[in-house]
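Novice: pasting the structure only:
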């Protein structure tokens, strides 16, 4: 016999399940890519470098606004490898690169040690940036089309080839790095993300930024000195370390000075699988709902 109490409990169960899934979209996606360990968001509409850069004039670039606009970065623990996802506002593969993208170049730098690390990048004439002294890097994940994706561990390292490809949405670029090559990548690692335009003939495959935009060149650079060839970075939206501030500052080498973004999370929370978190939350809400229904039933009988 179906009772009102049973109906109420069933409704609570269904609503709780849908509610928790809605609050935790990562749970819906993490099953396909392992365990989510790190996530950063970046505002839309800031693919203008220090604030002045404009796209080349060809329809290839102007036809899809947001091709170089970083909106999210995620790192997944996928068994024997790390998965690095860089989501952009738009995607493109007009030239049919085998990776599924052709215009973007994404650099992810990791600071996995408390001290030390490299300030200079492998080829400063490419992005025209360096890192602040307190933000040295140990690993560079270069996500590029045409088999140019690499993992590097120093400025002089020629790098190891890694697999990179666009996900089905066409705008999320994923790189897979074996854990044996990158032993540490957790919720406390510092991260810097640089987005440029891929140029097979450019220094370190970075398309150069000019003072005036043309068919194949971005415009908006300061005419008095060369600026960074970076269109977007992972950066806070306020304070001294905004994207505009970082890409406008200059070092003694006349390079923009970039800082890492650091996340501090309690280790016990970072190590919990999202599905276990879902189960625990569901059971807790069910227990509370059951007590509520039981008390309501007793009150009516009394």
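Specialist: Perfect, I can see it now. On a predicted model such as this, the values are computed, not experimentally measured, just so you know.
Novice: show me where the protein has helices.
Specialist: 4-23, 25-33, 59-62, 243-248, 267-270, 274-301 (DSSP state H).
Novice: Report all helices and strands that the fourth one contacts.
Specialist: Helices and strands touching helix 243-248, as assessed by 3 or more CB pairs under 8 Å, 6 or more residues apart in numbering; DSSP states H and E, comprise strand 232-233, strand 256-258. Any C-beta I mention is one placed from the backbone N, CA and C, and that applies to glycine too.
Novice: Tabulate these (CSV), appending distance to residue 151 and mean neighbour count.
Specialist: Shown next, in CSV, are the helices and strands packed on helix 243-248 (distance: least, CB to CB, whole Å; neighbours: other CB atoms under 10 Å):
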stretch, distance to residue 151, mean neighbour count
strand 232-233, 20, 27
strand 256-258, 19, 24
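Novice: circling back: weakest of the helices of the chain in terms of mean pLDDT?
Specialist: Looking over the helices of the chain, mean pLDDT reaches its minimum on helix 267-270, with a mean of 34.
Novice: ok, now which ones touch the most centrally placed residue in the chain?
Specialist: The residue lying closest to the centre of the chain (CA atoms, centre = their mean) is residue 73, at 1.3 Å. Shown in contact with residue 73 (CB atoms under 8 Å, 6 or more residues apart in numbering): 38, 39, 40, 42, 84, 85, 86, 87, 108, 191, 193, 234.
Novice: How about residue 65?
Specialist: 89, 90.
Novice: list the contacts for residue 163?
Specialist: Contacts of residue 163 (CB under 8 Å, 6+ apart): 149, 175, 176.
Novice: mind listing which of these are in strands?
Specialist: With strands taken from DSSP state E, the overlap with these comprises 175, 176.
Novice: For the protein, just list every one of the strands.
Specialist: 35-41, 70-77, 81-88, 104-111, 129-131, 139-143, 150-152, 160-161, 163-166, 172-178, 190-197, 232-233, 256-258.
Novice: Quick check: buried residues in the first one?
Specialist: Buried residues in strand 35-41, defined by neighbour count with 16 or more other CB atoms under 10 Å: 35, 36, 37, 38.
Novice: can you check the fifth one too?
Specialist: Of the residues in strand 129-131, those buried under the neighbour-count criterion (16+ other CB under 10 Å) are 129, 130, 131.
Novice: I'd say the first one and residue 230 touch.
Specialist: This means residue 129. Yes - look at residue 129 against residue 230 with CB atoms under 8 Å: they come within range, at 6.2 Å.
Novice: Need the overlap of contacts for those two.
Specialist: With CB under 8 Å, 6+ apart as the test, residue 129 and residue 230 both reach 194, 247, 256.
Novice: For the residues you listed, give me JSON lines that also has distance to residue 214.
Specialist: JSON lines is the format used below for the shared contacts of residue 129 and residue 230 (distance: CB to CB, whole Å):
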{"residue": "194", "distance to residue 214": "23"}
{"residue": "247", "distance to residue 214": "21"}
{"residue": "256", "distance to residue 214": "22"}
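Novice: ok, those vs residue 98, which is closest?
Specialist: Taking CB to CB as the measure, residue 98 lies nearest residue 194 of those, at 23.1 Å.
Novice: Tell me how many other residues surround that closest one.
Specialist: Using other CB atoms under 10 Å, residue 194 has 27 neighbouring residues.
Novice: quick one: pLDDT of it?
Specialist: 98.
Novice: repeat for residue 94
Specialist: 95.
Novice: got the contact list for it?
Specialist: 60, 102, 103.
Novice: Give me the buried subset of those.
Specialist: 60, 102, 103.
Novice: what's the closest of those residues to residue 200?
Specialist: Taking CB to CB as the measure, residue 200 lies nearest residue 102 of these, at 10.0 Å.
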